[in-house]
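Asks: What shape does this take:
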Amino acid sequence: MKKNILQGLVLAVLLVGLLVSCTAQKEALAITDEEKALFESEEGEQVEISNEETEYEIIIIDPGFFNWLNSIARPEGYYSQHFLENRNQLLVINWNQRVLQPQQFDSNLYMLQIDYDPNIDYGYEVNYKLYNYFIYFQRKYNQRLGPFIPRI
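Replies: Next comes the predicted model:
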């Protein structure tokens, strides 16, 4: 009898834990009114992602990204460069696959391939801005570029 009560208690704790986990995940994915306003914004500066040493440059002209990067995104230093490089490598692969499949993916969203070599050290700033653009892009256009949920 004690064994059945103990098993029931353990099962109840697991179910409550699962419910709390799902609720927390939904809250992390929620897009705030402030973020929605930035997505709809027609104003904002273009963001240049570059590293003079590696002669690498990406220019993002999505109007809301600059303000989103400076107000919503995690601050520089929050993620390690190693984390950013690993995520960017995966996200770039998925991005480039979508560019090559315009019949399956919107060619207005996936226009150009990104030349990202994991053997090149692009530096922290390039990796930080590129990663955050991927997060912004996925949240704004309701896309998934990898197995990770695009959260802030």
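
Asks: And the helices in the protein, which stretches?
Replies: Counting by DSSP state H, the chain has helices at residues 2-29, 33-40, 65-71, 81-99, 124-141.

Asks: any idea what sits nearest residue 87, other than its immediate chain neighbours?
Replies: residue 131 (5.6 Å; C-beta to C-beta, 6 or more residues apart in numbering). Glycine gets a C-beta too; all of them are placed from N, C-alpha and C.

Asks: so who does the one you found touch?
Replies: By C-beta atoms under 8 Å, 6 or more residues apart in numbering, the contact list for residue 131 reads 79, 84, 87-88, 91.

Asks: Could you do residue 133 as well?
Replies: 47, 49, 60, 62, 65, 69.

Asks: any idea how far the closest residue to the third one other than its chain neighbours lies from residue 107?
Replies: Looking back up the chat, that one is residue 60. Nearest non-adjacent residue to residue 60, counting by C-beta to C-beta, 6+ apart: residue 47, 4.4 Å away. Residue 47 sits 22 Å away from residue 107, going by C-beta to C-beta, to the nearest Å.

Asks: With residue 60 instead?
Replies: 18 Å.

Asks: between those two, who's got more neighbours?
Replies: Remark: of residue 60 and residue 107, residue 60 carries more neighbours, 20 against 12, as counted by other C-beta atoms under 10 Å.

Asks: Verify the stated contact: that one with residue 50.
Replies: No - at 11.3 Å, residue 60 and residue 50 do not qualify as touching, with contact defined as C-beta atoms under 8 Å.

Asks: Residue 145 - how many residues pack around it?
Replies: Here the number of neighbours of residue 145 (other C-beta under 10 Å) works out to 20.

Asks: Report the contact partners of it.
Replies: Counted by C-beta under 8 Å, 6+ apart, residue 145 has contacts 90-91, 94-95, 98, 134, 137-138.
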